[in-house]
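Enquirer: Got a predicted structure here, sequence first:
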Amino acid sequence: MLKDFGTIAFFLLAAFGFIFFNLILSWLLSPKKPDPIKLSPYECGERVIGTAWIRFNPRFYVIALVFIVFEVEIAVLFPWAVAYGKTTWAAHPKTKLLYFAEAFAFIFILVIGLAYVWMKGDLEWVKGIEVRPEPEPSERPQQRIEV
């Protein structure tokens, strides 16, 4: 038994050794000529404007996640529809009913999720910003400047 584990350990060490050897070899042999164009974030021919550290609207991610959820729904329901179409009532009396109940439960859960995201307002591209009115000058606290 130790011989078997020794063989596995040998192959694991050989694999990691091969990986590290190639990484070190490529680091040693690769040309190191830094160029401002090569060091820029994009190599598509566009000039870089500003810094890469910008504020990115997280709504892009929320919309993308909602889109992925509904794409997965299609990927799950398509095989279900094929299986539902190939089953006959003679196969088993409850088979079609079970298939239908499974699909209904799946779609129901997705509709609840969609309603939650909708009620939360994450599907709206521009959310309303709460604007507080400025207090009247007489209501503002006076600041004393001491010299």
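Expert: Noted; the coordinates are in hand. Residues are numbered from 1 along each chain as shown.
Enquirer: Could you pull up the residues touching Val62?
Expert: By Cβ atoms under 8 Å, 6 or more residues apart in numbering, Val62 lies in contact with Val117, Asp122. Quick note: C-beta positions are derived from backbone N, CA and C, even for glycine.
Enquirer: again, but for Leu12
Expert: Contacts of Leu12 by Cβ under 8 Å, 6+ apart: none found.
Enquirer: tell me which element it falls in.
Expert: Per DSSP states H and E, Leu12 falls inside helix 2-29.
Enquirer: what about the residue most central in space within the chain, distance to Ser26?
Expert: Compute the mean C-alpha point of the chain, and by Cα atoms, centre = their mean the closest residue is Leu65, 6.1 Å away. In this view, Leu65 and Ser26 are 37 Å apart by Cβ to Cβ, to the nearest Å.
Enquirer: got it, and Leu114?
Expert: 48 Å.
Enquirer: who's more crowded, the two?
Expert: Comparing Leu114 with Ser26 by other Cβ atoms under 10 Å, the one with more neighbours is Leu114, at 14 against 9.
Enquirer: so after the helix or strand of the chain with the lowest mean pLDDT, what's the next helix or strand?
Expert: None of the helices or strands of the chain scores lower by mean pLDDT, DSSP states H and E than helix 36-39, at a mean of 68. Sequence order places helix 59-86 as the next helix or strand after helix 36-39, per DSSP H and E.
Enquirer: how much distance is there from the helix holding Leu12 to the middle of the chain?
Expert: When distances are taken as Cα atoms, centre = their mean, to the nearest Å, helix 2-29 is centred 33 Å away from the chain's centroid.
Enquirer: Just the buried positions in it, please.
Expert: Within helix 2-29, no residue is scored as buried using 16 or more other Cβ atoms under 10 Å.
Enquirer: So for stretch 32-51, first residue to last residue, what's the gap.
Expert: 25 Å (Cα to Cα, to the nearest Å).
Enquirer: Could you report the neighbour count for Arg59?
Expert: 14.
Enquirer: And it, how close does it get to Leu123?
Expert: Counting by Cβ to Cβ, the gap from Arg59 to Leu123 is 9 Å.
Enquirer: Lovely, talk soon.
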